[in-house]
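Asker: Provided below are the primary sequence and the corresponding predicted coordinates.
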Amino acid sequence: MSALTQKEIQKAAIYIKDKCPVAPEIGLILGSGLGVLADLITDGVSIPYDEIPHFPVSTVEGHEGELLIGMIEGRRVVMMKGRFHMYEGYGPEVTAFPVRVMKELGIASLLVTNAAGGVNTDFTPGDLMLLTDHLNMTGRNPLIGPNDPALGVRFPDMSTAYSRRLIQVAKETAAQQNFEFKEGVYAGLLGPCYETPAEIVMLRTLGADAVGMSTVSETIVARHAGIEVLGISCITNMAAGILDQPLNHEEVMETAERVRERFLKLVLGFIPKM
């Protein structure tokens, strides 16, 4: 990580602090159709991405492109309403740049959500899956290049990429609401095309339960920075070849809307415990 990148992180954080001087405790990154979580924020400050120094801009439908800072259930959060993807032309270090900025702002834990295709044939659209691990199938890593020890160690441990403590908190919250999460391994691919049926067979053989085009770079950078991560996939469709029907982004958005109330209730339940 170059000295210039450290300066970019600090410059972005200073701009945000000028808009909202109170430090956030928890970071939230929302996937396709899951920006509804922003409805829960009180006393919020909204900052468009294109105003923040060195921030990229989201170009995907369902990703609105603003940073929100405010309160949810007594905890101060910073929320990305819309994220960045490598298939938009950004490098992995750019897609995860906001995580660096969140760390600079003061967060200690991160909730990352995504819309994913179900690879596990026991899943159905509308399921919510806790990420227990991931497969980085993008061929890229956001930590490539010189390492800045101020940001993290050269060879970060990824044996518990997704916090066991936070997974347990989420499961206990769900049980209190008479809901049960699915659990599994998320495969992150480059995109933007959906996978072929043969690729889905390969991913299932490798141990994947869900597949998407995000999350992995953000989690790697978060762990490098010493941030605890909780990951949740909304299974918005079954992956290619399972139902013998074409895939489209509209189905992703429709399913995310269908699970809206359940998703919001769960997040309200476990954010105070993060």
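Answerer: Sure thing, it's come through. Numbers count the residues shown, from 1 in each chain.

Asker: Check which element follows the lowest-mean-pLDDT helix or strand in the chain along the chain.
Answerer: Least confident helix or strand of the chain, by mean pLDDT, DSSP states H and E, is helix 249-258 with a mean of 76. Note on helix 249-258: by DSSP states H and E, the next helix or strand toward the C-terminus is helix 260-270.

Asker: which element is residue 28 on?
Answerer: Using DSSP H and E, residue 28 falls in strand 26-30.

Asker: quick one, strands of the stretch 151-274 of the chain?
Answerer: Assigned by DSSP state E, counting those that start in this stretch, the stretch 151-274 of the chain shows strands spanning 182-188, 210-212, 228-238.

Asker: Rounded mean pLDDT for the longest one, please.
Answerer: Strand 228-238 shows an average pLDDT of 93 in the prediction.

Asker: strands paired with it, and their directions?
Answerer: Partners of strand 228-238 in the sheet, by DSSP bridges, are strand 109-118 (parallel), strand 128-136 (antiparallel).

Asker: if we can go back for a sec, name the residues of the least confident helix or strand of the chain that are buried.
Answerer: 249, 251, 252, 253, 255, 256 (16 or more other C-beta atoms under 10 Å). In this view, the C-beta of every residue, glycine as well, is placed from N, C-alpha and C.

Asker: Against which helices or strands is it packed?
Answerer: In terms of contacts (3 or more C-beta pairs under 8 Å, 6 or more residues apart in numbering; DSSP states H and E), helix 249-258 is packed against strand 109-118, strand 228-238.

Asker: send the alpha carbons of that helix over as PDB?
Answerer: Extracted C-alpha coordinates of helix 249-258, given in PDB (Å, rounded to 0.1, in the frame of the first residue of the first chain):
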ATOM      1  CA  HIS A 249     -31.100  -8.500 -12.500                       C
ATOM      2  CA  GLU A 250     -34.800  -7.700 -12.200                       C
ATOM      3  CA  GLU A 251     -35.300 -11.000 -10.400                       C
ATOM      4  CA  VAL A 252     -32.500 -10.000  -8.000                       C
ATOM      5  CA  MET A 253     -34.200  -6.700  -7.200                       C
ATOM      6  CA  GLU A 254     -37.700  -8.300  -6.800                       C
ATOM      7  CA  THR A 255     -36.500 -10.900  -4.300                       C
ATOM      8  CA  ALA A 256     -34.500  -8.300  -2.300                       C
ATOM      9  CA  GLU A 257     -37.700  -6.300  -2.000                       C
ATOM     10  CA  ARG A 258     -39.600  -9.400  -0.900                       C
END
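
Asker: how about low-confidence regions in this protein?
Answerer: Scanning the chain for pLDDT under 70 picks out the ranges 1-4, 32-33, 59-64, 244.

Asker: middle-most residue in it, spatially?
Answerer: Against the mean C-alpha coordinate of the chain, by C-alpha atoms, centre = their mean, the closest residue is residue 112 at 2.9 Å.
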